[in-house]
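Trainee: how would this look folded up:
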Amino acid sequence: MAEMQSTMIPLLGHVVSAQVTDRNDKEVFAQVEGQTLGILRSEFDPVPELGAAVQVLVYSDKHDHLRGTTQLPKVRQDHYAFATVTQRMHSLGVFVDIGLPDKDIVVSKDVLPFDDAVWPQIGDRLLVALSVDKKGRLWGELATPEIFQAIAAPAKSGQRNAQVKGTVYKVREIGAHVLTDDYQEGFIHRSEWFATPRLGQQVTARVIGTTQDHGLNLSLKPMAYEEISDDAQMILAMLEVAPDGTMPFSDKSTPEEIQDTFAISKGAFKRALGNLLKNRRITQADGHITLVPPDGK
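Mentor: As a prediction, the model looks like this:
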């Protein structure tokens, strides 16, 4: 085992050319540097002949057996790509799916935030590469802030108040750093959120300015006029369960009708309608209010 580790550690997480030496109903076997890799037969169509060369990523499965896969993941040693979180284990870290057929990769708790409340949840994503320790174990290596800054594009003019989507890649006491889906670097000051975002969380934020290093200053709070009152939230909730998202009410409805249905005054009802109309959450016509679908159609 020690000899195998010393020979194969430099190849783990890398793509190599291996020579097919055997096959059975389930697997194809190929050798590289004197070591045999098992590869799922289902990855081949047609199955290669003995002696053929195949390109595979070398890894160790959950039983520490050497494996190869022709389905080359983007995540490798020195190759960073986003991987989806599949499991959390507080004693170990989080597991991410990089595309291996029978193994997820662990991102160690040692490189995650001290406060596990801001650890990634299942479905979040992390930008990772593969690394190998002295025992021949594969780990997910988080991209450093320097890597994010190196791949980030500068802010564009005219982006103020634009909505951007992105992934949180670092959480600090002062704020959170984000890489947008357009590969721009963004920063959310702690005063610009209601709840601390998680590492790996995908967020929708609003551009409120630019940073000194040509990144974006972002906010997770709505603009002041976009904040929806409790009464407006209640009306939205009732519209969401109403047939066709429509109710026979308007600002012309009587105080008694409004009180009987919504248990608020007509003045409060009119203010809530104004709030929802201004934010284009509803339409009002022919004595009815109607919910606007999320896509605006």
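Trainee: Neighbours of the residue nearest to Pro154 when sequence neighbours are not counted, how many?
Mentor: Spatially, and ignoring its direct neighbours in sequence, Pro154 is nearest to His214 (4.0 Å; C-beta to C-beta, 6 or more residues apart in numbering). Heads up, the C-betas are built off the backbone N, CA and C, glycines and all. Using other C-beta atoms under 10 Å, His214 has 13 neighbouring residues.
Trainee: Thr167 too?
Mentor: Quick note: Thr167 (other C-beta under 10 Å) scores 22 neighbours.
Trainee: Could you look up the SS state of it?
Mentor: What DSSP: H, G, I helix; E, B strand; the rest coil gives for Thr167 is strand.
Trainee: ok, now how distant is it from Ser219?
Mentor: 17 Å (C-beta to C-beta, to the nearest Å).
Trainee: Isn't the residue nearest to Pro154 up against Ser157?
Mentor: No: using C-beta atoms under 8 Å as the test, His214 is too far from Ser157 to be in contact (11.2 Å).
Trainee: returning to that earlier point: Phe187 versus the residue nearest to Pro154, what's the distance?
Mentor: 12 Å.
Trainee: Same check on Thr70?
Mentor: Shown here: Thr70 relative to Phe187, a distance of 41 Å by C-beta to C-beta.
Trainee: hey, where'd the helices end up in the stretch 101-250 of the chain?
Mentor: Along the stretch 101-250 of the chain, the segments classed as helices by DSSP state H, counting those that start in this stretch run 145-151, 230-241.
Trainee: Alpha carbons of the shortest one, as PDB, please.
Mentor: Coordinates of each C-alpha in helix 145-151 appear next as PDB, following Å, rounded to 0.1, in the frame of the first residue of the first chain:
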ATOM      1  CA  PRO A 145      -9.900  35.000  -2.700                       C
ATOM      2  CA  GLU A 146      -6.900  35.700  -4.900                       C
ATOM      3  CA  ILE A 147      -8.200  33.100  -7.400                       C
ATOM      4  CA  PHE A 148     -11.700  34.700  -7.400                       C
ATOM      5  CA  GLN A 149     -10.200  38.200  -8.000                       C
ATOM      6  CA  ALA A 150      -8.000  36.800 -10.800                       C
ATOM      7  CA  ILE A 151     -11.000  35.500 -12.700                       C
END
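Trainee: Can you list the buried residues in that helix?
Mentor: By neighbour count on 16 or more other C-beta atoms under 10 Å, the buried set for helix 145-151 is Phe148.
Trainee: Check the offset of it from the chain's centre.
Mentor: Remark: helix 145-151 is offset 18 Å from the chain centroid, using C-alpha atoms, centre = their mean, to the nearest Å.
Trainee: Output the below-cut-off pLDDT ranges for the stretch 101-250 of the chain.
Mentor: The stretch 101-250 of the chain contains residues with pLDDT under 70 at 223-228.
Trainee: Now with 90, please.
Mentor: 101-102, 117, 133-137, 145, 149, 154-161, 191-195, 210-214, 220-234, 236-245 (pLDDT under 90).
Trainee: Three-state assignment for Val16, please.
Mentor: Per three-state DSSP, Val16 ends up strand.
Trainee: Identify the residue nearest it in space, chain neighbours excluded?
Mentor: Val32 (5.2 Å).
Trainee: and Val94, how far is that from Val47?
Mentor: For Val94 relative to Val47 (C-beta to C-beta), the value is 36 Å.
Trainee: OK, contacts around the residue lying closest to Val58 once chain neighbours are set aside?
Mentor: Nearest non-adjacent residue to Val58, counting by C-beta to C-beta, 6+ apart: Leu11, 4.7 Å away. Taking C-beta atoms under 8 Å, 6 or more residues apart in numbering, we find Leu11 in contact with Val32, Glu33, Val58.
Trainee: The last one contacts Gly38, correct?
Mentor: I take that to be Val58. No: taking contacts as C-beta under 8 Å, Val58 lies outside contact range of Gly38: 11.1 Å.
Trainee: higher neighbour count, these two?
Mentor: Using other C-beta under 10 Å, the more surrounded residue of Val58 and Gly38 is Val58, with 24 against 18.
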